[in-house]
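[1] A predicted structure for the sequence below; I have some questions about it.
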Amino acid sequence: MKLLTDNCISYLSPAKFVTREAELRSEKPRKELDVQASTLVVRDRDPDQSCDTSTALSLHHAMHRRSLALDLIGVTDYFRVQGFVDFLLGHLHQEPIAGSRATSVQQILHADRAAWMRLAELTPDGIRRDAAGALPLDSLWARLETDPKVIFHLLPREGGPLKRDYDESKPEPSDTPTKKQRKGAGKGKTKTLREPSNLPEELKGLSSWTKTGNAPLLGFQHG
């Protein structure tokens with residue numbers, strides 16, 4: 001890989017790490033001339049292939065393949081780089097705060113690119129094993145998780161729904177009295193009926209309704 005040959009960091013987009021099946025289906029890469037250490041060499045042209053990284057799942061698979069490739073060529077330990085990948089992708093599953101949107105895949109890609117730019121700044125002496133046999137990148141992945149230039153791209157973005165303090169599924173109380181309230185509002189305040197002027201003396205003061213609550217008896221008495 002050119003990364004190890006040049007002994008310096010250059011951004012490796014997750015989209016460049018296609019599946020093995022896609023590699024087998026692709027055409028054989030053409031040869032091209034390249035200059036390495038003042039020597040002209042013939043090498044295979046880098047395949048112009050890319051994979052989908054537009055969803056959380058496809059991005060996870062692409063980043064996982066990249067971590068395996070970095071470990072395979074001896075640039076860094078798989079578990080160290082994958083730990084940083086898990087840190088980035090974990091933001092996709094965090095609940096957004098009120099008034100902000102959930103972290104997007106595009107934000108993760110921006111943060112990933114910023115992390116690789118920081119790695120280039122933090123490894124001026126190269127990325128090969130040092131005299132003690134340690135890989136410089138191994139100690140930097142955890143440091144990137146608190147790097148302001150990386151975290152900036154993971155900050156919440158405005159535009160989400162505001163949090164409400166009440167349950168919208170419950171209707172608001174109404175000032176209009178209910179049917180039961182209206183029915184009982186006049187309880188104990190029955191209207192007094194005036195007795196007809198021609199009411200017989202023996203019927204005055206008596207109830208004009210039957211015990212069962214039927215029609216008044218006044219008309220019957222007059223009939």
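    Sure, I can see it.
[2] count of residues packed around Leu135?
    If you count neighbours by other C-beta atoms under 10 Å, Leu135 ends up with 17. Where you see a C-beta, it was placed from the backbone N, CA and C, and this is true even at glycine.
[3] ditto for Leu59
    Neighbours around Leu59, by other C-beta under 10 Å: 23.
[4] Wait, a strand at it?
    No - counting by DSSP: H, G, I helix; E, B strand; the rest coil, Leu59 is located in no strand; its state is helix.
[5] Need the three-state assignment for the closest residue to it other than its chain neighbours.
    The spatial neighbour of Leu59 that comes closest, neighbours along the chain excluded (C-beta to C-beta, 6 or more residues apart in numbering), is Thr53 at 4.5 Å. Here Thr53 is recorded as coil under three-state DSSP.
[6] Okay, Thr53 and Arg128: tell me how far apart.
    29 Å (C-beta to C-beta, to the nearest Å).
[7] try Trp116
    Applying C-beta to C-beta to Trp116 and Arg128 gives a distance of 17 Å.
[8] cool, and Glu21?
    On the measure of C-beta to C-beta, Glu21 and Arg128 end up 32 Å apart.
[9] what does Phe87 give?
    25 Å.
[10] Neighbour count: these two, which is higher?
    Each of Phe87 and Arg128 has its neighbours counted (other C-beta under 10 Å); Phe87 has more, 17 against 13.
[11] Phi, psi for Arg157 please.
    Main-chain torsions, Arg157, degrees, to the nearest 10: phi -110, psi 140.
[12] what's the closest non-adjacent residue to it?
    That would be Arg101: by C-beta to C-beta, 6+ apart, it lies 5.0 Å from Arg157.
[13] quick one: buried residues of the helix or strand hosting Gly83?
    Assigning secondary structure by DSSP states H and E places Gly83 in helix 78-90. Neighbour-count burial for helix 78-90 flags Arg80, Val81, Gln82, Phe84, Val85, Phe87, Leu88, Leu89 (criterion: 16 or more other C-beta atoms under 10 Å).
[14] contacts for it?
    With contact meaning C-beta atoms under 8 Å, 6 or more residues apart in numbering, helix 78-90 is reached by 56, 59-60, 63-64, 66-68, 70-71, 108, 111-112, 115, 137-138, 141-142, 144-145, 154.
[15] Separate out the buried members of those residues.
    By 16+ other C-beta under 10 Å, the contacts of helix 78-90 give 59-60, 63-64, 66-67, 70-71, 108, 111-112, 115, 137, 141, 144, 154 as buried.
[16] Kindly indicate which of the residues you listed lies nearest Pro124.
    Ranked by distance to Pro124 (C-beta to C-beta), the buried ones among the contacts of helix 78-90 are led by Leu137 at 13.2 Å.
[17] So that closest one sits against Leu119, correct?
    Yes - using C-beta atoms under 8 Å, Leu137 makes contact with Leu119 at a distance of 6.6 Å.
[18] Which residues are in contact with the residue nearest to Leu59?
    Pro14, Ala15, Leu59, Ala62, Val105, Leu109.
[19] Mind checking which of the residues you listed are in helices?
    Among these, the residues falling in helices (DSSP state H) are Leu59, Ala62, Val105, Leu109.
[20] Can you flag the buried ones in those residues?
    For these, buried by 16+ other C-beta under 10 Å: Leu59, Ala62, Val105, Leu109.
[21] where does the protein dip in pLDDT?
    Within the chain, the segments meeting pLDDT under 70 span 1, 23, 26-38, 41-48, 160-223.
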